[in-house]
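Colleague: next comes the sequence, and after it the predicted model I'd like to discuss.
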Amino acid sequence: KDPSLDLAAPRRDARAVAAMLSSRYAFDEVVVLLDDEASREGVLTALAGLTALGADDGLLIFLAGHGTTATTADGEQLGYLLPWDGSMDERGQLVHNLSMEEVRALVGRAVPARHKLMVVDACYSGILTLREPAPLAAHDAAWLADAADQPVFQIITAGQADQAVLDTGPDGHSVFTGHFLELLEDTPDFITGSELGVTLQRRVRAAAYSRGSHQQTPAYGRIS
């Protein structure tokens, strides 16, 4: 809503990820929220609607935009995602922004889908990954058949908890989302969340460093 906070890539990133999931992957429904549709109320309403999913469903959530942090009186870092009507003001963000803890808890605890992957392209989004790194599993059909029965909630973020991330990269996308889309496009059969996380760490770290030695290393983990 605030034109001074506008970013070049998120609209293009969201549309491209939605098109990829619709054309190459077996998602029954793809929902896209842009601009005023992605208000705090709009995002929370959409997330709350996911509680209607069943235990056998799979869910991928992609969020692109601004992220910010605030420090509590005892020094704890709190992370926030800015919706369309969000604020960079330290007091305003308590009211207008989406707490990363709030989003993680809602998706992790209230949504019954067995397989959940959240991909977040925002500054300081590494705060979301508070649990152990996801193990890199064998890429074979036997492992996949067994893993399909196991519940999992994984998160991949564009950078670490203390990192700002680059908004401009391949084909008009952010550096992170550009490489995320390339991986989805080049996957011949299936790819796990852990494989995505490991490969994105390597590719994005190198690509960001090549742009003026910028430090950006995606984070990934599994929420227990």
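Modeller: Cool, got the structure.

Colleague: tell me which element residue 204 falls in.
Modeller: In this assignment (DSSP states H and E), residue 204 forms part of helix 193-209.

Colleague: quick check: next helix or strand after that helix?
Modeller: Under the assignment DSSP H and E, the closest C-terminal helix or strand after helix 193-209 is strand 219-222.

Colleague: now do that following strand: which elements does it pack against?
Modeller: Helices and strands touching strand 219-222, by 3 or more CB pairs under 8 Å, 6 or more residues apart in numbering; DSSP states H and E, are strand 152-157, helix 193-209. For every residue, glycine as well, the C-beta is placed using N, CA and C.

Colleague: hmm, 10 Å instead?
Modeller: Contact partners of strand 219-222 among helices and strands, from 3 or more CB pairs under 10 Å, 6 or more residues apart in numbering; DSSP states H and E: strand 115-121, strand 152-157, helix 193-209.

Colleague: closest to residue 165 out of these?
Modeller: Closest approach to residue 165 among these is made by strand 115-121 (6.9 Å; CB to CB).

Colleague: after the closest one, which helix or strand is next?
Modeller: Next in sequence after strand 115-121, counting helices and strands by DSSP H and E, comes helix 141-147.

Colleague: where are the low-confidence patches of the protein?
Modeller: Along the chain, segments meeting pLDDT under 70 span 130-139, 224.

Colleague: hmm, try it at 50
Modeller: The model of the chain has no residue with pLDDT under 50.

Colleague: which parts of the helix holding residue 204 are buried?
Modeller: 193-201, 203-205, 207-208 (16 or more other CB atoms under 10 Å).

Colleague: what do you get for stretch 151-159?
Modeller: 152, 153, 154, 155, 156, 157, 158, 159.

Colleague: would you list the buried residues of helix 193-209 in a markdown table and tack on distance to residue 214?
Modeller: Shown next, in a markdown table, are those (distance: CB to CB, whole Å):
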| residue | distance to residue 214 |
| --- | --- |
| 193 | 25 |
| 194 | 25 |
| 195 | 24 |
| 196 | 21 |
| 197 | 20 |
| 198 | 20 |
| 199 | 19 |
| 200 | 16 |
| 201 | 15 |
| 203 | 14 |
| 204 | 10 |
| 205 | 10 |
| 207 | 9 |
| 208 | 4 |
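
Colleague: next one: stretch 31-40 to chain centre, how far?
Modeller: Offset of stretch 31-40 from its chain centre (CA atoms, centre = their mean, to the nearest Å): 15 Å.

Colleague: what about that stretch, start to end distance?
Modeller: 16 Å (CA to CA, to the nearest Å).

Colleague: going forward, the N-terminal residue is numbered 35.
Modeller: With 35 as the first residue, the last one maps to stretch 65-74.

Colleague: rewinding a little: how about the helices and strands packed on strand 253-256 in CSV, adding distance to residue 250?
Modeller: Shown next, in CSV, are the helices and strands packed on strand 253-256 (distance: least, CB to CB, whole Å):
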stretch, distance to residue 250
strand 149-155, 11
strand 186-191, 10
helix 227-243, 4
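
Colleague: these: which one's closest to residue 109?
Modeller: Each of the helices and strands packed on strand 253-256 has some distance to residue 109 by CB to CB; the shortest is strand 186-191, at 21.8 Å.
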